[in-house]
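[1] got a sequence here, can you build the structure:
(one chain, ligands or ions: 2)
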Amino acid sequence: VESRQAEYRDQKGMTSDGKPFELAANIAHSIEAGPAFNNGAEAIGLFRTEMLYMDCTSAPDEDELYNIFCQALEAAEGKSIIIRTIDIGGDKPVDYLKIPAENNPFLGYRAVRIYEEFIDLFKAQLRSILRSSAHGSVKIMIPMVSSLEEILWVKGVLAEVRQDLRKEHIPFDEKIPLGIMVEVPSVAFIIDQCCEEVDFFSIGSNDLTQYLMAVDRDNEKVIKHYNSLNPAFLRTLDHIVSSVHHHGKWVGLCGELGAKGSMLPLLVGLGLDEISMSAPSISATKERLSRLDSRECRILLNKAMECRTSLEVEHLLAQFRMEQS
Ligand code: PEP
Ligand code: MG
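    Ligands and ions are numbered 1, 2, ... in the order given. This is a model prediction of the structure:
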């Protein structure tokens, strides 16, 4: 099995009917970039930057961040990297920020919601990302967006930072794309408006499942409700992808779902532009992908969305797998 997967490692992700499907890696530090590309990643679909802030006594400064992002870009050799601004606060505490503990951290003060208070920290991130964009293909992504106001506010800050850099004659990619995570359900219902304001989207299936179903993603007691086969979740995904594509924009998925083999036919059916996952899963996913027909997957997804329960979807998937083998 391993040698067969190795065969796929260096090929581009593609379905049996020749539809390209980019397979990217999630990383949390630049030192993971090299190994990710060696594992066959076609891009970095999610660089979670919060780890850079978590195991230290103070926030990394602009130059430190810039160096880290440049290291990742060097390993990328021209392939693109989506750098997500910090998703800390709530359940990912950082002592030196002194954010008070909360009763409902997942519904609380985290990610984009803390940027206004920690504006210097956010600006240092934007500056370091912009500066690194002079050395490779970089995209900026904002986590936990729940309203258009937040997007407009971020764009205002970004415009200021860009203007500062121009004044200082510091080079950056003037066309650097700005994207958002789709992980709070409200965004699915303002997706058309969001398409007018940002360049790309990445579905965070971990949080989107949690918030759509109102189940704590870390609570064993309710884990049976945390089910990505729920028809409500599948319809939400389809609505997001088809709306984004209607506007001619790009949408990937970067939650743990991407590496779940049994889900792949449904993800292909959605017509996502990219799936980003932990690097060791990439070769196996490319191999599975090569055996799937995109049109059959679309038919399967349509049937799944008409199901009434997760169990019905599960049976449908099992039947699809049997017919495949
Ligand atoms: C997600 O929510 O699916 C996601 C990729 O973000 P994180 O797991 O970092 O919250
Ligand atoms: Mg998330």
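
[2] would you map the helices across this structure?
    For the chain, the helices defined by DSSP state H cover 2-9, 33-38, 51-54, 62-76, 119-132, 148-167, 191-195, 205-213, 231-246, 264-270, 282-289, 294-306, 310-324.

[3] list the contacts for Asp17?
    293-295 (C-beta atoms under 8 Å, 6 or more residues apart in numbering). To be clear about C-beta, it is placed using only N, CA and C from the backbone, and glycine gets the same treatment.

[4] hang on, the earlier thing: to ligand 1, which of the helices of the chain lies closest?
    With C-beta to the nearest ligand atom as the criterion, ligand 1 lies closest to helix 205-213 of the helices of the chain, at 3.2 Å.

[5] residues in contact with that closest one?
    Residues from elsewhere that reach helix 205-213 (C-beta under 8 Å, 6+ apart): 106, 144, 181-185, 215-217, 225-228, 230, 232-233, 236-237, 253-258.

[6] and the contacts of Asp17, which are buried?
    293-294 (16 or more other C-beta atoms under 10 Å).

[7] right, and out of the contacts of Asp17, which lies closest to ligand 2?
    Ser294 (27.3 Å; C-beta to the ion).

[8] wait, that closest one sits on Val268?
    Yes: with contact defined as C-beta atoms under 8 Å, Ser294 reaches Val268; the gap is 5.7 Å.

[9] what residues are shared contacts of those two?
    With C-beta under 8 Å, 6+ apart as the test, Ser294 and Val268 both reach 15, 19.

[10] pLDDT below threshold where in this structure?
    1-3 (pLDDT under 70).

[11] who in it is up against ligand 2?
    By C-beta under 5 Å from the ion, the part of the chain that sits against ligand 2 consists of 183, 204, 207.

[12] and the residues you listed as JSON lines, adding neighbour count?
    Below are those laid out as JSON lines (neighbours: other C-beta atoms under 10 Å):
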{"residue": "Glu183", "neighbour count": "25"}
{"residue": "Gly204", "neighbour count": "26"}
{"residue": "Asp207", "neighbour count": "21"}
